[in-house]
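Q: sequence first, then the predicted structure:
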Amino acid sequence: MESLGETLFSQNGQFRKVGSRVKPPDTIDVNMLAPCGLNCMLCYRHLGKKPCPGCRARQSEPDDYQRKCVMRACVMERGLFSCADCVDRPCKRVKAFGKRYRDGYGVDLFGDAARVREIGAEALLREQITAHTCDSCGHLINLHDGICSGCGKQHPIGKGRTRV
């Protein structure tokens with residue numbers, strides 16, 4: 001990724017950033033689908049001032065969040081792509097996490113896992129990005145707080161949110 005002043009461009013067209021403003025990518029990297037099923041491109045950590053590279057990023061030194069994530073560790077230890085691929089799913093950990101995201105943010109991780117098996121990770125990520133693109137400015141919407149990363153417009157989140 002190269003920096004041109006405040007604007008960052010990735011070499012492969014993955015995303016364009018201006019500060020913390022993020023436009024939808026031209027190409028989809030399936031590694032932005034976290035082991036738990038969350039779309040890292042829509043996560044508050046990725047849309048923040050110091051963007052997280054995603055839960056699957058192989059960094060020489062994982063950050064605290066990656067080190068503490070038991071689902072990430074479990075998936076990596078078992079050699080799986082995601083929790084959806086596990087024969088022991090859904091475990092207590094995944095059930096609790098899934099319930100929290102379904103009730104709090106309107107994100108159905110179990111439904112998304114089934115959708116990945118149906119249409120593939122790239123197509124699911126594309127659907128989610130389309131559903132989380134601000135109609136006012138075209139930037140991505142943070143799925144945790146519903147705030148557009150571009151114009152700051154508040155979008156609905158939680159149980160009442162319309163999901164793909």
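A: Perfect, thanks for sending it.
Q: right, and residue 45 touches residue 52 too?
A: Yes: between residue 45 and residue 52 there is a contact at 3.9 Å, judged by C-beta atoms under 8 Å. C-beta: built from backbone N, CA, C; applies to glycine.
Q: quick one: common contacting residues for those two?
A: Residues touching both residue 45 and residue 52 (C-beta atoms under 8 Å, 6 or more residues apart in numbering): residue 65.
Q: buried residues in the longest helix belonging to the chain, which are they?
A: Using DSSP state H to define each element, the chain has its longest helix at helix 92-105. Using 16 or more other C-beta atoms under 10 Å as the test for burial, helix 92-105 gives 94, 97-98, 101-102, 105.
Q: list the helices and strands that helix packs on?
A: If contacts are counted by 3 or more C-beta pairs under 8 Å, 6 or more residues apart in numbering; DSSP states H and E, helix 92-105 sits against helix 70-78, helix 109-119.
Q: kindly recompute the last result at 6 Å.
A: helix 109-119 (3 or more C-beta pairs under 6 Å, 6 or more residues apart in numbering; DSSP states H and E).
Q: that older thread, any chance of the buried residues of helix 92-105 in TSV, with distance to residue 130 and pLDDT too?
A: Shown next, in TSV, are those (distance: C-beta to C-beta, whole Å; pLDDT from 0 to 100):
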residue	distance to residue 130	pLDDT
94	26	85
97	24	87
98	22	88
101	19	89
102	20	89
105	17	89
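Q: which residues touch stretch 32-51?
A: 20, 22, 52, 54-55, 71-72, 75, 82-83, 109, 112-113, 121, 125, 128, 132, 142-144, 149 (C-beta atoms under 6 Å, 6 or more residues apart in numbering).
Q: from these, which ones fall inside helices?
A: 71-72, 75, 109, 112-113, 121, 125, 128.
Q: just name the shakiest helix or strand of this protein by mean pLDDT.
A: Across the helices and strands of the chain, mean pLDDT, DSSP states H and E gives its lowest value to strand 2-4, namely a mean of 32.
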